[in-house]
Structures are given as structure tokens and as C-alpha cells.
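Peer 1: no sequence on this one, just coordinates:
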């Protein structure tokens, strides 16, 4: 069930980033929605994908700025990549937080196990 929810959040984030790049929504804080959807999607991120998402969160704004140089669709492509960067940043933040909490729990369990032996 959780993977369905996180997958749906990722799909909605992708769709919203694409749509709002071409049709801005005035009454909606799109950046906040993209960030929250990315955070939801990051809950079930696989361990081998965490660093890739982190690199994407850093590289996508740079690529978006480079797209702005294109004459016809550069602004829209830059906005779309900026939206993807927000999603990736949210997913990366949650994924790293979950992994750090799991490490801390493992360390505390290890200390408790070592003290009782």
C-alpha cells in the first residue's frame, strides 16, 4: 500500500512539474506542493537510488538555467527542470533522514546488546 501511495505521489509530482511549466497556476503554491509530493515519494526510495536523487537535486537547477538560453521553449524547460529539482530535493531529504534514523536505531540497539552481554 505504501509503495502505491509513494508511486502516486511521484507520478503526480512529475505531472504537476510538467503542466505548471507551460500553464502557471496562480492560486497554488506549486513549489510547496512539489516539495511535499517529493517528500512523500522519498519514503520508499531504494537504497541504491538515494545518491542518484541527491545528484539530480543538485544538477537539475543547473540544467534548468542552461535551458533558459533556448529561444522558444527555454523558459518552460527551465521551469520544468526546476520543478523536478524540487521533487528530487524533497525525496532526497526524506530518504536521507530515514536512513540516518535507522542507523541511529541500529547503533542504540548495538549499545544495548553489548552492555547486556
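Peer 2: Good, I have the coordinates. Predicted model, so just to flag it, every value in this text is computed and none were measured.
Peer 1: give me the low-pLDDT residue ranges for the chain?
Peer 2: 114-117 (pLDDT under 70).
Peer 1: rerun that using 90 as the cut-off
Peer 2: Low-confidence segments of the chain, defined by pLDDT under 90, span residues 1, 24-26, 68-69, 71, 109-117.
Peer 1: Show me where it has its helices.
Peer 2: Along the chain, counting by DSSP state H, helices occupy 2-22, 30-41, 50-67, 74-116.
Peer 1: quick one, which of the ones you listed is packed in tightest?
Peer 2: For these, the stretch with the most neighbours on average is helix 30-41, a mean of 20; neighbours defined as mean count of other C-beta atoms under 10 Å. Backbone N, C-alpha and C define where each C-beta goes, glycine included.
Peer 1: Which elements pack onto that one?
Peer 2: Helix 30-41 sits against helix 2-22, helix 74-116, with contacts defined as 3 or more C-beta pairs under 8 Å, 6 or more residues apart in numbering; DSSP states H and E.
Peer 1: how far is the longest one from where the chain is centred?
Peer 2: Its chain's C-alpha centre and that of helix 74-116 lie 9 Å apart, by C-alpha atoms, centre = their mean, to the nearest Å.
Peer 1: quick one: that helix to helix 2-22, angle?
Peer 2: Regarding helix 74-116 and helix 2-22, their directions subtend 150 degrees when assessed with axes from the mean of the first three to the mean of the last three C-alpha atoms, to 10 degrees.
Peer 1: Which elements pack onto helix 74-116?
Peer 2: Packing contacts for helix 74-116, counted by 3+ C-beta pairs under 8 Å, 6+ apart, involve helix 2-22, helix 30-41, helix 50-67.
Peer 1: closest to residue 73 out of the ones you listed?
Peer 2: Distances from residue 73 to each of those were compared using C-beta to C-beta; the shortest belongs to helix 50-67, at 8.1 Å.
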